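Visitor: need a 3D model of the following:
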Amino acid sequence: MTQPSVTGAQAPADAARSGFQWLGIFAPIIGLAVAVVFLADTSWYFVFESIHVLAAIIWLGGGTAITLLAWRAVRANDNAQLLMLGRQAEWLGTRIFTPSSLVVLAMGIVLMHKGGFGYGHFWTLLGVIGWGVSFVVGAAFLGPQSGKLGKLIEAKGPEDPEVVARLNRVISVARTDAVLVLLIAIDMVAKPFFT
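Guide: This next block holds a predicted model:
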């Protein structure tokens, strides 16, 4: 069996890609090792706080990025890009955002207990209520609607008015949810009315 020939332009691109593959493999391992060294010299409170903050960054950053990309696609009137983002958001929602939000909640509870903050403060209640609303919106609306949207696209095509209307609803709710999560983050940092 003969190997397909590689054109001159293709060879440097393949060489550059394979030359940096080691970075994609070892960077997470090195990053984890450095994090362990940093956290080994601190208290458990800061370990839990670091996990809490990292999970919040993943949840908040991912949702914000998808929202901004969707806004950009809407402005460009690019339904194909929007639909692709919808499929990606469905995958990310179930595999990344939901677990991250659960880690945020779990570590938040641990931090409240270990920090002796108590649970009756305005900022705590606002954060938990906001988290609950965001979780329910994601689980009860965004996830199922994204799945239905994918099936509707396959049945009717990306330009069908029903597809476009459902897509716009999902984007509007996702945008509102992203704003809510940003406000939760500000609430957790600023701790308003904390006495």
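Visitor: mind listing the helices for this structure?
Guide: Using DSSP state H, the helices of the chain run over 10-19, 21-40, 44-75, 79-92, 98-115, 122-137, 143-156, 161-190.
Visitor: kindly reformat these as TSV containing mean neighbour count and mean pLDDT.
Guide: All C-beta atoms are positioned from the backbone trio N, CA, C, and that covers glycine. Below are those laid out as TSV (neighbours: other Cβ atoms under 10 Å; pLDDT from 0 to 100):
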stretch	mean neighbour count	mean pLDDT
helix 10-19	10	58
helix 21-40	10	87
helix 44-75	17	91
helix 79-92	18	82
helix 98-115	17	92
helix 122-137	16	92
helix 143-156	15	83
helix 161-190	16	90
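Visitor: any idea how far residue 43 is from residue 59?
Guide: According to Cβ to Cβ, to the nearest Å, residue 59 and residue 43 sit 24 Å apart.
Visitor: again with residue 158
Guide: Taking Cβ to Cβ, one finds residue 158 at 52 Å from residue 43.
Visitor: show me which of the two is the more surrounded one.
Guide: residue 158 (16 against 10; other Cβ atoms under 10 Å).
Visitor: give me the domain ranges for this structure.
Guide: Residue ranges for the domains of the chain, per automatic domain parsing: 8-41, 44-190.
Visitor: what residues does stretch 72-92 touch?
Guide: Applying Cβ atoms under 8 Å, 6 or more residues apart in numbering, the contact partners of stretch 72-92 are 62, 66, 69-70, 142-143, 146-147, 149-150, 153, 158-159, 163-164, 167, 170-171, 174.
Visitor: redo that, cut-off 6 Å
Guide: Residues outside stretch 72-92 that contact it (Cβ atoms under 6 Å, 6 or more residues apart in numbering): 62, 66, 69-70, 146, 149-150, 153, 158, 167.
Visitor: distance of residue 31 relative to residue 41?
Guide: Following Cβ to Cβ, the distance that separates residue 31 from residue 41 is 17 Å.
Visitor: tell me the centre residue of this structure?
Guide: The centroid of the chain falls nearest to residue 62 when counting by Cα atoms, centre = their mean (2.9 Å).
Visitor: from residue 148, how far out is it?
Guide: Per Cβ to Cβ, residue 62 is found 22 Å from residue 148.
Visitor: for the residue lying closest to residue 121 once chain neighbours are set aside, give its distance to residue 134.
Guide: Among residues not flanking residue 121 along the chain, residue 194 sits closest, at 5.7 Å (Cβ to Cβ, 6 or more residues apart in numbering). In this view, residue 194 and residue 134 are 22 Å apart by Cβ to Cβ.
Visitor: cool, residue 56 as well?
Guide: Plainly put, residue 56 is 12 Å away from residue 134 if you go by Cβ to Cβ.
Visitor: contact partners of stretch 105-121?
Guide: In contact with stretch 105-121 (Cβ under 6 Å, 6+ apart) are residues 45, 48-49, 51-52, 131, 194.
Visitor: starting at the chain centroid, how far to that stretch?
Guide: Remark: stretch 105-121 is offset 23 Å from the chain centroid, using Cα atoms, centre = their mean, to the nearest Å.
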